[in-house]
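K.L.:
Sequence first, predicted model second:
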Amino acid sequence: MNVRQLAFGVAFSVLIAWAGYRGRSLSRSGVVGAIIVGTLTFGLGGWTWGLLLITFFVSASVLSHYRKDDKRGLAEKFAKTSQRDLGQTLANGGWGAVLAIAYFCRPDPILFAAFVGAMAAVNADTWATELGVLSPTPPRLMTTGQKVPVGTSGGVTSLGTMAAFGGGLLIGLAALVLGQVEAIWGSGPLNGGYLWLVPIGILGGFGGSTFDSLLGATVQGIYYCSQCQKETEARIHRCGQPARHLRGWRWLNNDLVNFSSSIVGSLMAGLLGWLVF
Ligand SMILES: [Zn+2]
């Protein structure tokens, strides 16, 4: 057990979580989630793993603050505010932390590819959500192509799809650069073939965010606040009123959708990794 690396992991996670709390990207329970996820990812995966998690965290935080005033009215439908809580941090980083534990037990390049896919999936989904709402054209439901109001779960726009592509690409490029730099120091996560991380990131991001939209359009639990006359992903609307169940499975909330999307993104990325590494 590399105690020094684990200590670095704890210190780094606390630092990032504190910055996230100060920058209003994390709630108090979100700080706890970020420290758990960060310590496992950084402490058991290593530098490249930890810095990829930070790449996601920073890019997601920047985008959720981007044009915040324009998004305020549009964001009614989202389950939560821009402050991430425990459920959201585990939904976004939990599967990556599980992969870090597996990698610690058996350092296999395919597990690293799967981790890149998991990070790409949550990053792509965040980019698609945060930028897609600013689309000048109304979204269409992924399953039927029917026009739906902005912010509807399962609604897709070309801007959101391009944003998802960009979110996956960023993680792939970051994995390429960080992994290569760590390899120069002597302990990279792969034995070469780092360029493959770019298509692996794009595939993970695209697969994860597509699955996310698909669940949103079909089985995700969707509620309706009769007071505000708005559709929402939350049982209790942000106005404080309990919302009535409209469609989908009640237990399948936004956090579970994000978590399962990160698993799908990592499976697709892991499959490509299995083919090329
Ligand atoms: Zn309401």
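P.N.:
Alright, I've got the coordinates. Numbers count the residues shown, from 1 in each chain.

K.L.:
what's near enough to touch the residue nearest in space to the middle of the chain?
P.N.:
Among the residues of the chain, the one closest to the centroid is residue 122, at 1.8 Å (CA atoms, centre = their mean). Contacts for residue 122 (CB atoms under 8 Å, 6 or more residues apart in numbering) come out as 56, 60, 91, 92, 93, 208, 258, 261, 262, 265. C-beta coordinates here come from the backbone N, C-alpha and C atoms, glycine included.

K.L.:
again, but for residue 96
P.N.:
Counting by CB under 8 Å, 6+ apart, residue 96 touches 37, 41, 49, 53, 115, 118, 119, 262, 266.

K.L.:
so the second one sits in a helix?
P.N.:
Okay, so that is residue 41. Yes. Residue 41: assigned to a helix according to DSSP: H, G, I helix; E, B strand; the rest coil.

K.L.:
correct me, but it touches residue 100?
P.N.:
Yes. Contact between residue 41 and residue 100 holds when scored by CB atoms under 8 Å: they sit 4.7 Å apart.

K.L.:
Would you mind checking the contacts of residue 96 for buried ones?
P.N.:
Buried by 16 or more other CB atoms under 10 Å: 37, 41, 49, 53, 115, 118, 119, 262, 266, out of the contacts of residue 96.

K.L.:
Format the CA atom coordinates belonging to stretch 253-272 as PDB.
P.N.:
Output of stretch 253-272 as PDB, limited to C-alpha atoms (Å, rounded to 0.1, in the frame of the first residue of the first chain):
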ATOM      1  CA  ASN A 253     -34.100   9.700 -10.000                       C
ATOM      2  CA  ASN A 254     -31.600  12.000 -11.700                       C
ATOM      3  CA  ASP A 255     -28.700  10.700  -9.600                       C
ATOM      4  CA  LEU A 256     -29.300   7.100 -10.500                       C
ATOM      5  CA  VAL A 257     -29.700   8.100 -14.200                       C
ATOM      6  CA  ASN A 258     -26.300   9.800 -14.100                       C
ATOM      7  CA  PHE A 259     -24.700   6.900 -12.200                       C
ATOM      8  CA  SER A 260     -25.900   4.300 -14.700                       C
ATOM      9  CA  SER A 261     -24.900   6.600 -17.600                       C
ATOM     10  CA  SER A 262     -21.300   6.700 -16.300                       C
ATOM     11  CA  ILE A 263     -21.400   2.800 -16.100                       C
ATOM     12  CA  VAL A 264     -22.600   2.600 -19.800                       C
ATOM     13  CA  GLY A 265     -19.900   5.200 -20.900                       C
ATOM     14  CA  SER A 266     -17.200   3.200 -19.100                       C
ATOM     15  CA  LEU A 267     -18.400  -0.100 -20.600                       C
ATOM     16  CA  MET A 268     -18.200   1.300 -24.100                       C
ATOM     17  CA  ALA A 269     -14.800   2.800 -23.500                       C
ATOM     18  CA  GLY A 270     -13.600  -0.300 -21.700                       C
ATOM     19  CA  LEU A 271     -14.700  -2.400 -24.800                       C
ATOM     20  CA  LEU A 272     -12.600  -0.200 -27.100                       C
END
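
K.L.:
Give me the mean pLDDT for that stretch.
P.N.:
If you average the pLDDT over stretch 253-272, you get 96.

K.L.:
how far does that stretch sit from the chain's center?
P.N.:
Relative to the mean C-alpha coordinate of its chain, stretch 253-272 is positioned 9 Å out (CA atoms, centre = their mean, to the nearest Å).
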